[in-house]
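1. Pasted the sequence and its predicted model underneath.
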Amino acid sequence: METFFKLKENGTDVRTEVVAGITTFMTMAYILAVNPSILSASGMDSQAVLMATALAAFVGTLLMALLANYPFALAPGLGLNAYFAYTVCGAMGYSWQTALLAVFVEGIIFIILSVTNVREAIFNAIPLQLKKGISVGIGLFVAFIGLQNAKIVVDNPSTLVGVVDFRQDFHTVGIGALLAIIGLFIIVVLHVKGVKGSILIGIIATWVLGMICQATGLYTIDPENGFYSLYPSWSTFSFGAIGQTFGQCFNGAAVQGVNVLNFIVIVLAFLFVDMFDTIGTLIGCANKANMLDENGKLPRIREALLADAVATSAGAVLGTSTTTTFVESSAGVSEGGRTGLSSVVTGVLFLLAIIFAPVFTAIPGFATAPALIFVGFLMITAVVEIDFADFTESIPAYLAMVAMPLLYSISEGIAVGVISYVVINLCTGKAKKITPLMYILAILFVMKYIFL
């Protein structure tokens, strides 16, 4: 392991990498429950999707470990699965086989772009200060997701978002939000005291407290509103279900009645969001782990992007929506994960999750939420590295970091940052520092808003 993963060279050890890998998995495990729930709306079998999700995560994460030696984990991404189920298969009326074919084609395009260094060039073209802003923005975005998962932040008709009313639905929403706050304090106190594995301990402790609350009646089960038992329950699971989705992207139904232009639009939509979500996540996690060099470049970026691209096509063949690098990887990075060994641990746990699915899908959102909120804090510390004296650099970074949580999208935040960087520098007489690729990216983002 030392020879292959270069543990000492990266300032880590086996124990740290294992804890980091487990932590990343624990913060990502929710996708095993969420992805089947979303994709089943397209008519796909939920058990088949669960297996495809776990296998795609295993393949993608293992590729990231073996090709790039980075502690980043992959799985079918949120947002893209909703677009898959509710837009492509819902509003547009295409079959899920057609949607899988679009994802497969997107992955092939990504493989070509990765091999030809196009994606690497895009990554390197983004200015260092803007990369810092993207990292901070991802931190805010992750924290916002955590607050939502804990139901601390809820919908509000007047202000769009608001704080939960602990008194209303206390035995479901209220107690979950309260336990998330307790879990956050557990993580903070352990981290301040220098306890290794503080995030993982916090997740497990919050889950255990939840089970105690269920046993004492403080937490009540309400499946209709999404509040399930916190105890793992072994139920009938068909391992042969994967046959219902495997290879269906090549089925004749995938091309039946498909309009070529609409299909191209679907592929481009997947392509844009996946490309810049991945680039943004890599920037944020690599910056947090101090992996970016003095020029803001990430060594072995080509290998990392290639792993992501291959995983996307492999996931489509298995039967799931776009597989992408997960921002929750930052939780493992925060625990000290620095090499692919961490990713191997995460990947193997996803593989085992097929057997122990009821255990992992029982982890409630309010248990992993404190980890995301705390990781958000750790990531926004990069804000002090932004040169706020140079407005042409800091304002685009600011707009990118604010846009991510407010627009609820990493790729939208990058789009806002890139467009504003080009416009501000062009209009203030500093066009010389704008690279040709930044001009191209800005134009492409503008075209995306017009045509997609």
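-> Looks like it arrived, so ask away. Keep in mind that this is a model prediction, so the values were computed, not measured. Residues are numbered from 1 along each chain as shown.
2. Do you know the pLDDT at Asn262?
-> We have a pLDDT of 77 for Asn262.
3. Give me the number of neighbouring residues for it.
-> The number of residues packed near Asn262 is 15, by other C-beta atoms under 10 Å. (Glycine included, C-beta is placed from N, CA and C.)
4. And for Val115?
-> Val115 has 14 nearby residues by other C-beta under 10 Å.
5. same deal with Val88?
-> 26.
6. any idea of the pLDDT on the closest residue to it other than its chain neighbours?
-> Spatial nearest neighbour of Val88, chain neighbours left out: Ala99 (4.5 Å); criterion: C-beta to C-beta, 6 or more residues apart in numbering. Predicted confidence (pLDDT) for Ala99: 92.
7. Please work out how many residues are found near Ala99.
-> Ala99 has 27 nearby residues by other C-beta under 10 Å.
8. what does Val423 give?
-> 13.
9. try Val49
-> 29.
10. Please apply the same query to Ala367.
-> 30.
11. just Val310 next, same as before
-> When counting by other C-beta under 10 Å, one arrives at 22 neighbours for Val310.
12. same question, the one 4 residues further on
-> Applying the criterion other C-beta under 10 Å, we find 20 residues in the vicinity of Ala314.
13. Show me how far stretch 125-143 is from its chain's centre.
-> 14 Å (C-alpha atoms, centre = their mean, to the nearest Å).
14. average model confidence for that stretch?
-> Mean predicted confidence for stretch 125-143 is 88.
15. Go ahead and confirm Asn425 touches Thr392.
-> Yes. Using C-beta atoms under 8 Å, Asn425 makes contact with Thr392 at a distance of 5.1 Å.
16. For Ala369, see how far away Val333 is.
-> 18 Å (C-beta to C-beta, to the nearest Å).
17. what about the longest helix in the protein?
-> helix 260-288 (DSSP state H).
18. Just after it, pick out the following helix or strand.
-> helix 301-318 (DSSP states H and E).
19. so what pLDDT did Met401 get?
-> The model's pLDDT for Met401 equals 93.
20. Please apply the same query to Tyr408.
-> Per-residue pLDDT puts Tyr408 at 85.
21. Give the full set of residues in contact with the residue nearest the centre of the chain.
-> Central residue of the chain (C-alpha atoms, centre = their mean): Phe326, 3.0 Å from the mean position. Phe326 is in contact with Thr24, Met28, Ile31, Phe72, Ala73, Leu74, Ala75, Gly77, Thr281, counting by C-beta atoms under 8 Å, 6 or more residues apart in numbering.
22. May I have the secondary structure class of the fourth one?
-> Local secondary structure at Phe72 is given as coil here, using DSSP: H, G, I helix; E, B strand; the rest coil.
23. Was I right to think it contacts Ile301?
-> No. If you go by C-beta under 8 Å, Phe72 and Ile301 don't touch, sitting 11.4 Å apart.
24. neighbour count winner among those two?
-> More neighbours surround Phe72 than the other of Phe72 and Ile301, with 32 against 24 (other C-beta under 10 Å).
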